[in-house]
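Student: Starting from these lines, generate the structure:
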Amino acid sequence: MQKLFESLGYRGDRRFNTLNGDQRLLYLDEVNGRQIDVFIDRMKMCHVIELANRLGHQGPTLTPADLLLSKLQVFEVNMKDLVDTTALLLDHPITDHDNDAINAAYLARLTSEDWGLHRTLRLNSGRVRDAVRALDVDAGRVSQRLDELWARIDAQPKSLKWKLRARVGDRVSWYQLPEEVRQPYQKA
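Tutor: As a prediction, the model looks like this:
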């Protein structure tokens, strides 16, 4: 993998990759200001999303549902994440499979087991709804797809662990803030 990224003009972040290489790798393209994050078996940011059993599908990237999770599970979501989420929702219908669609059954299962993930996704869905008003996109379609997704998530029975954690609510933090990676080409 390192040789591939180097041949494409990326440089591995030696310090970050040494410290986190068993879970995550970082490659930087300083000329074009691009960054590639490589997650190994799990995406560990604000929440932990197990991906090892989700990587056997056809296609060059994660499924649309996993890509959506990669954006919505970030508690301190930024405008780029909101725009990416909007694009995913515009381009992929809500279904019960991973074939070029957002798999609502999968997301409902994950969020029914983890109140914190559910809470963060709910908050960020509201942020997406707010953001689309400022974008030149079909806000109605985005809102409709979010409604479809949340109807499925809300209908999924919640685990006892979920219900107990829900009683605590926002009084106790339910997310982790990931280590911020400052690219060398960013100005401080």
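Student: measure Met43 to Arg54 for me?
Tutor: 10 Å (Cβ to Cβ, to the nearest Å). Where C-beta positions appear, they are placed from N, C-alpha and C, glycine not excepted.
Student: ok, these two, which is more surrounded?
Tutor: Met43 (22 against 19; other Cβ atoms under 10 Å).
Student: Which residues are in contact with that one?
Tutor: By Cβ atoms under 8 Å, 6 or more residues apart in numbering, the residues touching Met43 are Ile49, Leu51, Asp66, Leu69, Ser70, Gln73.
Student: So which of these belong to helices?
Tutor: Asp66, Leu69, Ser70 (DSSP state H).
Student: Could you measure from Arg129 over to Gln144?
Tutor: 11 Å.
Student: higher neighbour count, those two?
Tutor: Arg129 (16 against 13).
Student: which one is the spatially most central residue of the chain nearest to, not counting chain neighbours?
Tutor: Taking Cα atoms, centre = their mean as the criterion, Ser70 is the residue nearest the geometric centre of the chain, at 1.2 Å. Spatial nearest neighbour of Ser70, excluding adjacent residues (Cβ to Cβ, 6 or more residues apart in numbering): Met43 at 5.9 Å.
Student: Secondary structure element holding that neighbour?
Tutor: strand 42-44 (DSSP states H and E).
Student: any idea of the mean pLDDT in that strand?
Tutor: The pLDDT scores in strand 42-44 average 86.
Student: Direction included, what does it pair against?
Tutor: Next to strand 42-44 in the sheet, as set by DSSP bridges, lie strand 48-50 (antiparallel).
Student: Doesn't Val142 lie inside a helix?
Tutor: Yes - assigned with DSSP: H, G, I helix; E, B strand; the rest coil, Val142 falls within a helix.
Student: contacting residues around it?
Tutor: Contacts of Val142 by Cβ under 8 Å, 6+ apart are Thr86, Leu89, Leu90, Val128, Arg129, Val132.
Student: go again using 10 Å as the cut-off
Tutor: 85-90, 125, 128-129, 131-133, 135 (Cβ atoms under 10 Å, 6 or more residues apart in numbering).
Student: Over to Arg167?
Tutor: Contacts of Arg167 (Cβ under 10 Å, 6+ apart): Trp115.
Student: From Leu88, how far out is it?
Tutor: To Leu88, Arg167 is 32 Å away according to Cβ to Cβ.
Student: where along the protein do the strands fall?
Tutor: Ranges of strands in the chain, per DSSP state E, are 11-12, 24-29, 34-39, 42-44, 48-50, 94-95, 102-103.
Student: Quick check: the gap between the residue nearest to Ser70 and Ala65.
Tutor: 12 Å.
Student: Which neighbours do these two have in common?
Tutor: Arg54.
Student: quick one, domains of this protein?
Tutor: 1-40, 42-168 (automatic domain parsing).
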